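Asks: Build me a model from this:
(chains A and B)
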Amino acid sequence: MCGLRFETPRGMDDLLPEEFAVKQRIVDVIREVYRLYGYEEVETPTLEYLELFEAKSGEEIRHRMFVFNDPHGRKLVLRPEVTASIARLVASKLSRKALPLRLGYIADCYRYDEPQWGRRRRFWQGGLELLGSRDPTSDVEILVASRDVFNKLGIRDYSFKIGHVGILRGLMDKVDQKIQDSILSYIDRKMQKEAFALAEQHVEPETLETMQRLTEMKGSREIVSKASDLLTPWEKARQSLENLSTILDIFFEIDQDIHLEVDLGFARGLEYYTGMIFEQKIVDEPLSFNGGGRYDGLVELFGGQPTPAVGCSIGITRIQMFLMKKKTVEYLETPSVVLAVVGGRAAGYGLRVADAFRSRGAAVAVDVVRRRLSDVIENAVNKGAKYLVIVGDNEMKDNKVTVRDLVAKTQFTGTLEEVFGFLKM
RNA sequence: GCCGAGGUGGGGUAGCCUGGUUAGCCCUCAGGGCUGUGGACCCUGCGGCGCGAGUUCGAAUCUCGCCCUCGGCCCCA
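Replies: Residues are numbered from 1 along each chain as shown, chains lettered A, B, ... in the order given. Below you'll find the predicted structure:
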């Protein structure tokens, strides 16, 4: 029944020329940021063993993975994200590389979500991962590079939401890791009741109360100092808060105009985070377009040396859909120059003219279906071409070409050099 | 996963309530009027009722199921 359906699987999109162009523009910007910050791009397989993501991906993502058996019965998964693969890489093949390592990726990811605007079952992420430093400047580097990507794309109305999982985890210092994960997962899903009901069974009443008050604290940078007094009895939590404070200080020192909200009750779906976490949002858009944080334990978990790390993953597909909605990227269906050959003998001459244009760097689409000139003109205008180059027996005889300005509706006949002058090439 | 609204040629739409011959229109595409400027105009053509069952003499239209799309919730990039 479903064997022959000429559609893409649900939630997985074909990218049509214009959509692809917008996506490519975003990828170009991300790669430019890689270059400016010294990130080396790597590629990992779309398929990984299930175990890679079972350990630390978090309940939410685990339920939304495409899992299947290969013909030999191995459990494989379509990657729901890439950070785990990067950590695997650093734990194995790159284990002898000098730290810090700066790695970037552009990769398609898969999650079995209910498709909706900005949420696809197949989507592209671009990431930056900085491994080998626990210094706050490395956290800030990720934040600043994230800012740059959005600025370079011409997106202005964005803001950062920043938190630190070390604070809540610090309060639950003595609590089993799995229980911590569950509590944070509840908080992430805005299920405060469930979170604190579970916490109540594992921490002192005083700690519980502090946790509850923390999760309500969000706002400007000032709330960090407010929280500071609250946390005096919990050394680890207090240190985490101080770490967050330092990161914010440095970030603001670089860019005073940055919009950000500090949220001390902020948790993310991924369980591997150990420190600063953040998301990047756009005004009037409910989704986040970039997210990341510090994950100091992941490389070690995959059998590598203990390696502190921080990174982010940028939602290329979401940004693409946002830019398409805003129509901010101009797209031309056809090159701005179309060349038509008329008459039976000028075909070779016409292609030589096209060659000459291209060697000057101009993109030229040749009318290869030999339509009537009026049809070529109409077609070229419909597709947004600016110039029509006409070559036929007359032009060939005098070694000239005719160029018609399709916008001004003027035209000019002359030698190639004269025409290049006319076009200011 | 839950809730809501919808699916008519490649794109956009009318028709559906009130079942009835060839499903209309706009754009695009192809060909011609017209062997090089006719970006116009005119003519012609290709191509469609999401899928499946039911009701009926007869279904785009009514009923049921499924699929898909778009919104909202939840969550995430």
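Asks: Going by C-alpha atoms from here, please, whenever you check contacts or count neighbours.
Replies: OK.
Asks: Up against RNA strand B, what does the stretch 101-250 of chain A have?
Replies: A:111, A:113-125, A:185, A:188-191 (Cα under 7 Å from any atom of the strand).
Asks: Which part of chain A gets nearest to RNA strand B, residue-wise?
Replies: Going by Cα to the nearest atom of the strand, RNA strand B is nearest to residue A:189 of chain A, at 2.6 Å.
Asks: Quick check: which ranges of the stretch 201-350 of chain A have low pLDDT?
Replies: For the stretch 201-350 of chain A, applying pLDDT under 70 flags the ranges A:269, A:328-329.
Asks: what ranges do the strands span in it?
Replies: Ranges of strands within the stretch 201-350 of chain A are A:218-219, A:260-263, A:276-282, A:288-294, A:309-315, A:337-341, based on DSSP state E, counting those that start in this stretch.
Asks: Just checking: what are the partner strands of the fifth one?
Replies: According to DSSP bridges, strand A:309-315 has the following sheet partners: strand A:122-131 (antiparallel), strand A:288-294 (antiparallel).
Asks: For the ones you listed, could you give me TSV that also reports distance to residue A:84 and mean neighbour count?
Replies: Shown next, in TSV, are the strands paired with strand A:309-315 (distance: least, Cα to Cα, whole Å; neighbours: other Cα atoms under 10 Å):
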stretch	distance to residue A:84	mean neighbour count
strand A:122-131	11	24
strand A:288-294	13	24
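Asks: list the buried ones in stretch A:243-257?
Replies: A:243-252 (16 or more other Cα atoms under 10 Å).
Asks: and the gap between the residue of chain A closest to RNA strand B and residue A:195?
Replies: Remark: distance between residue A:189 and residue A:195 (Cα to Cα, to the nearest Å) = 10 Å.
Asks: what's the closest non-adjacent residue to the residue nearest to the spatial centre of chain A?
Replies: With distances taken as Cα atoms, centre = their mean, the residue of chain A nearest its centroid is residue A:314 (2.8 Å). Once flanking residues are discounted, residue A:314 sits nearest to residue A:290: 4.2 Å by Cα to Cα, 6 or more residues apart in numbering.
Asks: Just the strands from the stretch 1-150 of chain A, written as ranges.
Replies: Counting by DSSP E, counting those that start in this stretch, the strands of the stretch 1-150 of chain A are A:40-41, A:47-49, A:66-69, A:75-78, A:101-110, A:122-131.
Asks: quick one on the thing from earlier: just the buried ones from the residues of the stretch 101-250 of chain A next to RNA strand B, in PyMOL syntax?
Replies: Listed next is the PyMOL selection for buried residues among these, using 16+ other Cα under 10 Å:
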select buried, chain A and resi 111+113+118+119+120+121+122+123+124+125+185+188
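Asks: re the thing from before, redo the strands of the stretch 1-150 of chain A as JSON lines? Include mean pLDDT.
Replies: Below are the strands of the stretch 1-150 of chain A laid out as JSON lines (pLDDT from 0 to 100):
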{"stretch": "strand A:40-41", "mean pLDDT": "97"}
{"stretch": "strand A:47-49", "mean pLDDT": "93"}
{"stretch": "strand A:66-69", "mean pLDDT": "86"}
{"stretch": "strand A:75-78", "mean pLDDT": "90"}
{"stretch": "strand A:101-110", "mean pLDDT": "96"}
{"stretch": "strand A:122-131", "mean pLDDT": "96"}
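Asks: would CSV of the ones you listed with distance to residue A:239 be doable?
Replies: What follows is those, written out as CSV (distance: least, Cα to Cα, whole Å):
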stretch, distance to residue A:239
strand A:40-41, 32
strand A:47-49, 36
strand A:66-69, 39
strand A:75-78, 37
strand A:101-110, 26
strand A:122-131, 21
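Asks: List the residues that contact residue A:42.
Replies: A:103-105 (Cα atoms under 8 Å, 6 or more residues apart in numbering).
Asks: Tell me the buried residues within those.
Replies: Buried among these (16+ other Cα under 10 Å): A:103-105.
Asks: show me where pLDDT drops low in the stretch 1-150 of chain A?
Replies: Ranges of the stretch 1-150 of chain A meeting pLDDT under 70: A:1-6, A:56-61.
Asks: Domains of chain A: list them as residue ranges, please.
Replies: Structural domains annotated on chain A: A:17-326, A:337-422, as defined by automatic domain parsing.
Asks: Including distance to residue A:11, could those domains go into JSON lines?
Replies: Shown next, in JSON lines, are those (distance: least, Cα to Cα, whole Å):
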{"stretch": "domain A:17-326", "distance to residue A:11": "5"}
{"stretch": "domain A:337-422", "distance to residue A:11": "30"}
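Asks: I'd say residue A:395 and residue A:401 touch.
Replies: Yes: here residue A:395 reaches residue A:401: they are 5.3 Å apart, a contact under Cα atoms under 8 Å.
Asks: neighbour-wise, which of these two wins?
Replies: Remark: of residue A:395 and residue A:401, residue A:401 carries more neighbours, 23 against 19, as counted by other Cα atoms under 10 Å.
Asks: Give me the local confidence score for the more buried one.
Replies: Confidence at residue A:401, expressed as pLDDT, is 94.
Asks: Pull the contacting residues for it.
Replies: A:389-391, A:395, A:413-416, A:419.
Asks: Return the subset of the residues you listed lying in strands.
Replies: Under the assignment DSSP state E, these contribute A:389-391, A:413-414 to strands.
Asks: Understood, closing this out.
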